[in-house]
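Peer 1: Provided below are the primary sequence and the corresponding predicted coordinates.
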Amino acid sequence: MKINIPANEDDLLARAQALAGLNLAEIAEQAGVVVPKNLTREKGWIGLLLEQVLGASAGSKPEPDFPHLGIELKSLPISMQGKPLETTFVCVAPLTGLVGASWKTSHIRNKMARVLWVPVISERHIPIGERIVGTPFIWSPSPEEEQLLALDWQELTDMIVLGEVENISGKHGQVLQLRPKAANSQAKTQAFNKHGQPFRTLPRGFYLKTSFTQMLLRNHLRID
DNA sequence: GCGTGATCATTT
DNA sequence: AAATGATCACGC
């Protein structure tokens, strides 16, 4: 069941915009999937549902959701006032092989190059099936936005290269953070300490802060 | 364990 | 209330 692959960007956007105003129960029925009672054990359910109904290539491959279009799909939980309710996970953060790495060739820059944002009014008191899809839009970073991302990426990457990954907290970065991204706090991956010696530490991921995604919403949807 | 999809839940 | 750290599911 892998029909419905969008032919081009306009097709994809039109298809996403056709979901605006629908609730997740209606979309789930369309996709033939059951709506969970809560997301505690299915945290990625909404994102996977949207991938399915929009014809994204399934799987956990480290490439855009729509490889032929170079577009990444991101669902964005928002309040009824249009404010992001969560940070946005972008990708895992490499902790090794970073000597000589540059923003321009980074995995995260490639992922953020073109994104289809699909806001979903997702306040926790609203039953999953009754949550409504907002107005989707396709975005690429403006020069200013890319500069903000690049600055944070450089700061965080510098700390990692200097062996200070364990001194990085969610407080670092203006628009981009480095936070745990793992099955649990016992998970381990290799990194290097400040003496250049390898050691095992918690895997991390890059996340966009809500202030940044809120700015995107305002710029593209004129929401206050 | 890694990378995909994220939100949960505790701390500030 | 917002932000940070912890966690859940799935296919390799």
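Peer 2: The structure has been received and is ready for your questions. Residues are numbered from 1 along each chain as shown, chains lettered A, B, ... in the order given.
Peer 1: Residue most distant from the centroid, chain A?
Peer 2: Within chain A, the residue lying farthest from the chain centre (C-alpha atoms, centre = their mean) is residue A:195, at 33.0 Å.
Peer 1: How about the contacts made by residue A:163?
Peer 2: A:191, A:192, A:193, A:194, A:195, A:196 (C-beta atoms under 8 Å, 6 or more residues apart in numbering). The C-beta positions use only the backbone N, C-alpha and C, and glycine is treated the same way.
Peer 1: Could I get the pLDDT score of the first one?
Peer 2: This means residue A:191. pLDDT for residue A:191: 98.
Peer 1: List the buried residues of stretch A:139-147.
Peer 2: Within stretch A:139-147, the residues scored as buried using 16 or more other C-beta atoms under 10 Å are A:139, A:141, A:145, A:146.
Peer 1: who's the first one bridged to?
Peer 2: In this entry, residue A:139 is beta-bridged to residue A:115, by DSSP bridges.
Peer 1: could you check the distance from it over to DNA strand C?
Peer 2: If you measure residue A:139 against DNA strand C using C-beta to the nearest atom of the strand, to the nearest Å, the figure is 21 Å.
Peer 1: There's contact between that residue and residue A:115 in this structure, I believe.
Peer 2: Yes: contact criterion C-beta atoms under 8 Å: residue A:139 and residue A:115 qualify, at 5.3 Å.
Peer 1: Please list the residues of chain A that sit near DNA strand C.
Peer 2: In this structure, chain A approaches DNA strand C at residues A:40-44, A:59-60, A:86-87, A:169-171, A:177, A:179-187, A:202, A:209-211, judged by C-beta under 7 Å from any atom of the strand.
Peer 1: Much appreciated, bye for now.
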